[in-house]
Structures are given as C-alpha cells and as structure tokens.
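Asker: Let's see this in three dimensions:
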Amino acid sequence: MSTDMSKAMWEALADSPNVMLGLTGTNDHSEPMRVQLDKDANSEFWFYTTATNRVAKGGPAMVQFSSKGHDLFACISGTLVPETRPEIIDKYWSKPVSAWYEKGKDDPSLLMMRMELKDAEIWTADPSIKGMFKLFTGKQIDPDEMGDHARVNV
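Answerer: Numbering: from 1, shown residues only. Here you go, the predicted structure:
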C-alpha cells in the first residue's frame with residue numbers, strides 16, 4: 001500500500017505542484033511555494049526563492065500538500081539546503097520563474113533551495129459506501145472507512 005500511496009503522491013504533486021513550505025523549529029508560518037519536480041528524482045525537489053525569504057537559511061523543513069481534488073493530502077519532511085549547481089538552476093528555469101526576478105538568473109536576490117526528502121505521511125480521502133452512510137447518519141466512523149493512510153520513506 002505505501003508504494004502505491006507514494007506513487008499517488010508524486011503524481012498528484014506533478015499535477016498541482018503548489019505547496020506550503022516552512023522550516024521546523026521556528027515560529028515562522030509556512031508559505032505557498034511552487035515545487036520544481038524531476039521525474040527521475042524521487043528523493044528531492046527544488047524551490048526558487050530569494051535570499052531574504054524566511055526559508056533562505058535552510059534546515060529542517062516540512063511541506064504540506066493537498067491535491068487538486070482534495071482527495072490526497074501529504075506532509076513531507078526533509079532538509080532544505082541551498083542549490084548551487086548551475087545546471088540545476090538552468091534546468092528548471094522558465095518564463096513563469098523569470099517573472100519573479102528582474103535580472104533573470106543574474107538577479108542577486110535569486111536563491112534556489114533543494115529539499116532533501118526524509119519521509120512523508122500521506123492520506124487519501126476515498127470514503128467507502130459504509131463510511132459515507134455513517135457520515136451522513138452521524139454514526140461513529142472508523143478512519144479506515146474514509147480512505148487510506150501511510151507513512152513512507154522518500
């Protein structure tokens with residue numbers, strides 16, 4: 001099950017790469033970011049940001065994600081580190097990214113961060129008929145009747 005759920009998480013993230021990102025161990029709130037994914041890299045992903053952003057110092061971090069249809073939810077933990085490889089910065093550069101940086105890739109505020117993934121907790125919202133009946137009648141619901149849940153290493 002966890003392999004299937006992990007695959008479902010990656011597919012949902014590719015379909016809608018908007019997440020909430022925050023450093024753990026701080027009082028700073030998470031903020032919306034767009035993940036840069038590589039179909040061949042399932043243990044890391046990237047974010048373009050600025051050197052003055054609250055996540056720029058890096059460290060332990062968490063990403064919260066909800067799929068477009070709100071039928072898959074994930075909390076992904078890992079470590080956020082600066083990405084300094086020019087080939088990676090170039091690989092994901094696009095017109096939508098360049099719109100955020102006045103001087104393009106030469107903008108002094110540009111910072112790319114790599115999230116080195118540790119693990120994820122994933123939930124799917126796929127209620128059974130029995131679960132839906134209980135929900136609408138106010139009867140006690142077993143969490144397994146509303147979908148699946150897994151903790152996976154990524």
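
Asker: and the next element down the chain from the lengthiest helix in the chain?
Answerer: In the chain, taking DSSP state H as the definition, the longest helix is helix 2-15. Using DSSP states H and E, the next helix or strand after helix 2-15 towards the C-terminus is strand 18-23.

Asker: contacting residues around that next one?
Answerer: By C-beta atoms under 8 Å, 6 or more residues apart in numbering, the list of residues contacting strand 18-23 from outside reads 13, 28-35, 47, 54-55, 57-65, 80, 115. C-beta coordinates here come from the backbone N, C-alpha and C atoms, glycine included.

Asker: Quickly list what Ala120 is bridged to.
Answerer: Beta bridges link Ala120 to Ile76, Val152 when assigned by DSSP bridges.

Asker: and if you look at Met20?
Answerer: With DSSP bridges as the rule, Met20 is bridged to Pro32, Gln64.

Asker: My guess is Ala14 contacts Leu37. True?
Answerer: Yes - here Ala14 reaches Leu37: they are 5.7 Å apart, a contact under C-beta atoms under 8 Å.

Asker: give me phi/psi at the residue lying closest to Tyr92 once chain neighbours are set aside?
Answerer: Closest residue to Tyr92 apart from its sequence neighbours, by C-beta to C-beta, 6 or more residues apart in numbering: Gln36 at 4.1 Å. Backbone geometry at Gln36, expressed as degrees, to the nearest 10, gives phi -100, psi 110.

Asker: partner residues bridging Gln36?
Answerer: Here Gln36, judged by DSSP bridges, has bridge partners Trp46.

Asker: wouldn't it be in contact with Tyr48 here?
Answerer: Yes - applying C-beta under 8 Å, one finds Gln36 in contact with Tyr48, separated by 7.1 Å.

Asker: Now do the shared contacts for those two.
Answerer: Going by C-beta under 8 Å, 6+ apart, residues that sit against Gln36 and also against Tyr48 are Tyr92.

Asker: coming back round to it: separate out the buried members of the contacts of strand 18-23.
Answerer: Among these, the ones that count as buried by 16 or more other C-beta atoms under 10 Å are 13, 30, 33-35, 47, 55, 61-63, 65, 80, 115.

Asker: which pair in the residues you listed spans the largest distance?
Answerer: Based on C-beta to C-beta, the longest span within those runs between Leu13 and Val55 and measures 18.1 Å.
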